[in-house]
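Asks: structure of the sequence below:
(chains A, B, C and D)
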There are 2 protein chains.
Amino acid sequence: MLNMNTTQTRKRAPRQSREARSQAILAAARQVFERDGYAAAKVADIAAEVGVVEGTVFHYFPSKRALVTRVMEEFYQNITQEVLSGLAEHPGTYEQLLFLVRTHLGVMRDNAALCSVILNSSRDADRELSKDIRQLNRDYTHPIVDIIKQGIARGELRADVSIPLVRNTLYGSIEHAMWVQLADETAIDVDSTARQLTDLVYRGIRAPTRDTSHSTEVAQLVNRLNSILDN
Amino acid sequence: MLNMNTTQTRKRAPRQSREARSQAILAAARQVFERDGYAAAKVADIAAEVGVVEGTVFHYFPSKRALVTRVMEEFYQNITQEVLSGLAEHPGTYEQLLFLVRTHLGVMRDNAALCSVILNSSRDADRELSKDIRQLNRDYTHPIVDIIKQGIARGELRADVSIPLVRNTLYGSIEHAMWVQLADETAIDVDSTARQLTDLVYRGIRAPTRDTSHSTEVAQLVNRLNSILDN
DNA sequence: ACTTTTTATTGAGCTTTACTCAATATCTAT
DNA sequence: ATAGATATTGAGTAAAGCTCAATAAAAAGT
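Replies: Numbering: from 1, shown residues only, chains lettered A, B, ... in the order given. Next up is the predicted model:
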């Protein structure tokens, strides 16, 4: 006896436009990658999430890696936009650094699973496919270059500050904090951590003040007061 | 016509002690993991490198992941030992920090391929197997805790220094620098980078030097204003 | 309204690779 | 020399990424 009801016949998925199907697959892919990580994620699961068969996914994306790459690209575009538009509202080197750190920490906290996938697979990946991802990362972290350059030009920062060093320090530290968060399953305190990290780095790179009474605390206070008065 | 010479019959590998074979497999595994990365590395290649058949590898190690885990363990044991023995020779907070940073940078530069594998697979890994790896990492980075605590006790460092923050900053920054090195295929200048990073962080965490113009009145005002602004 | 063209969808199958296991060869102890 | 222990093997399994010819449905053309 053959039971047709348990071995249910698939209902063919309604035909969709290239764009719509493509987006649905991307959304499902992000979900599954976040849940299982890149290596453990199955294309079959992504297809099932969308309600199509495995082959359909490969009709739209040439490979699993290309799929994760597209997920990353979308994510980077969003957060890069967020940083660029928010940065304009913050005057002063310290405020801008704080904004960058706080925003990046927030992104890491709220998208820890995806960030973990991104960082792992952009590094483990084939050299070719990972290149554009690294470009996206460069675009995302680029604002810090101008912030530091401006700070140096104003005499607010030491002239010998190494920009790559500052970038490594800020983004590396935040990334490290994210791994700890993922391991311990405890959320990062974004505001407090952002302020502490920014303070540490800012103290590390600011030009020594001739006027000794103009201490860090006072300088930061002045900045805070100014930013309030500006609103 | 069947050509027996091209399809050469395997010569059975001479029987070895558990210990000797185990070590040989570990060494070959490290090579292949470094060359290809964890995901792309094939157990068959590791076996071929040793001169045995694939099944032999699984006689000694239950899985590919267990194999990479053992490679990591060996590596961590070596570098942890190196740090612990060298640290005793350096007096003073700054010197010890500089030694830690320089040593870690050197390790990263000289073992970039393996470090990349370790960092990726300890994070992507199954939760269970990655736990002992994280413990090894904690052991390796632990010396910094005592260094900072001593520095604070001596009054050399600010009392409010967050130890996790300093650890994240130092190790995160170095790790970030390593990724850049791997991407750009350019070697890190260990001495120069170590000094710059240590300087930045040390300036960020050292206690402010007593300075008379920073009077108690100003300090109290700063505190009052800050607390008002925080609400 | 009917035919043709295009293309979204399918499911069966191919390939690769981690992993298993019963059989066999080789070493050691008695 | 015999027996037991175990190192080694090669064939085979399963899972998952990926291919492709066939099919169905929408769009375009007449």
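Asks: C-alpha only now, for contacts and for neighbours.
Replies: OK.
Asks: what does chain A put close to DNA strand D?
Replies: A:12, A:14-15, A:39-44, A:54-56, A:58-59, A:62-65 (Cα under 7 Å from any atom of the strand).
Asks: mind doing that once more with 6 Å?
Replies: A:Arg15, A:Ala41, A:Lys42, A:Val43, A:Ala44, A:Gly55, A:Phe58, A:Pro62, A:Ser63, A:Lys64 (Cα under 6 Å from any atom of the strand).
Asks: helix/strand/coil for the first one?
Replies: Right, A:Arg15. With DSSP: H, G, I helix; E, B strand; the rest coil as the basis, A:Arg15 sits in coil.
Asks: right, is stretch A:147-165 up against chain B?
Replies: Yes: judged by Cα under 8 Å from any Cα of the partner chain, stretch A:147-165 and chain B are in contact via A:Leu165.
Asks: go on, stretch A:180-198?
Replies: Yes: Stretch A:180-198 reaches chain B (Cα under 8 Å from any Cα) through A:Thr193, A:Gln196, A:Leu197.
Asks: tell me how far the second one lies from DNA strand C.
Replies: When distance is defined by Cα to the nearest atom of the strand, to the nearest Å, A:Gln196 is 43 Å away from DNA strand C.
Asks: please report phi then psi for that residue.
Replies: The phi/psi pair for A:Gln196 (degrees, to the nearest 10) reads phi -60, psi -50.
Asks: how many other residues sit next to it?
Replies: Neighbours of A:Gln196 under the rule other Cα atoms under 10 Å in any protein chain shown: 17.
Asks: and for the last one?
Replies: Applying the criterion other Cα under 10 Å, we find 25 residues in the vicinity of A:Leu197.
Asks: list the buried residues for whichever strand or helix holds A:Arg70?
Replies: Taking DSSP states H and E as the criterion, A:Arg70 maps to helix A:64-87. Within helix A:64-87, the residues that count as buried by 16 or more other Cα atoms under 10 Å in any protein chain shown are A:64-65, A:67-73, A:75-76, A:80, A:83, A:87.
Asks: out of the residues you listed, the closest to DNA strand D would be?
Replies: Checking the buried residues of helix A:64-87 against DNA strand D by Cα to the nearest atom of the strand gives A:Lys64 as the nearest, at 3.6 Å.
Asks: just the pLDDT for the residue lying closest to the closest one once chain neighbours are set aside.
Replies: Distance criterion Cα to Cα, 6 or more residues apart in numbering or on different chains; nearest residue to A:Lys64, sequence neighbours excluded, is A:Val43 at 6.9 Å. A:Val43 carries a pLDDT score of 98 in this model.
Asks: quick check, A:Val43 in contact with A:Arg65.
Replies: No: using Cα atoms under 8 Å, A:Val43 is not in contact with A:Arg65, being 10.4 Å away.
Asks: what residues does chain A have near chain B?
Replies: A:37, A:39, A:117, A:120, A:123-124, A:165, A:168-177, A:179, A:193, A:196-197, A:199-205, A:212-215, A:217-218, A:221.
Asks: let's go with 6 Å and repeat that
Replies: A:Asn120, A:Asn168, A:Thr169, A:Gly172, A:Ser173, A:His176, A:Leu200, A:Val201, A:Arg203, A:Gly204, A:Ser213 (Cα under 6 Å from any Cα of the partner chain).
Asks: which among those residues end up buried?
Replies: A:Asn120, A:Asn168, A:Thr169, A:Gly172, A:Ser173, A:His176, A:Leu200, A:Val201, A:Arg203, A:Gly204.
Asks: follow-up on the earlier one: after the helix holding A:Arg70, which helix or strand is next? Please name it.
Replies: Next element after helix A:64-87 (DSSP H and E): helix A:93-110.
Asks: hmm, back to that, most widely separated two among the buried residues of helix A:64-87?
Replies: Distances among those were taken as Cα to Cα; the most separated pair is A:Lys64 and A:Leu87, at 34.8 Å.
Asks: confirm A:Asn120 sits in a helix?
Replies: Yes: under three-state DSSP, A:Asn120 sits within a helix.
Asks: residues contacting it?
Replies: B:Asn120 (Cα atoms under 6 Å, 6 or more residues apart in numbering or on different chains).
Asks: among the residues of chain A next to DNA strand D, which ones are in helices?
Replies: Among the residues of chain A next to DNA strand D, the residues falling in helices (DSSP state H) are A:Val43, A:Ala44, A:Gly55, A:Phe58, A:Lys64.
Asks: among those, which one lies nearest to chain B?
Replies: Chain B has its nearest neighbour among these in A:Lys64, at 13.8 Å by Cα to the nearest Cα.
Asks: from B:Gly37, how far out is that closest one?
Replies: Separation of A:Lys64 from B:Gly37 (Cα to Cα, to the nearest Å) stands at 18 Å.
Asks: please consider this matter closed, and thank you.
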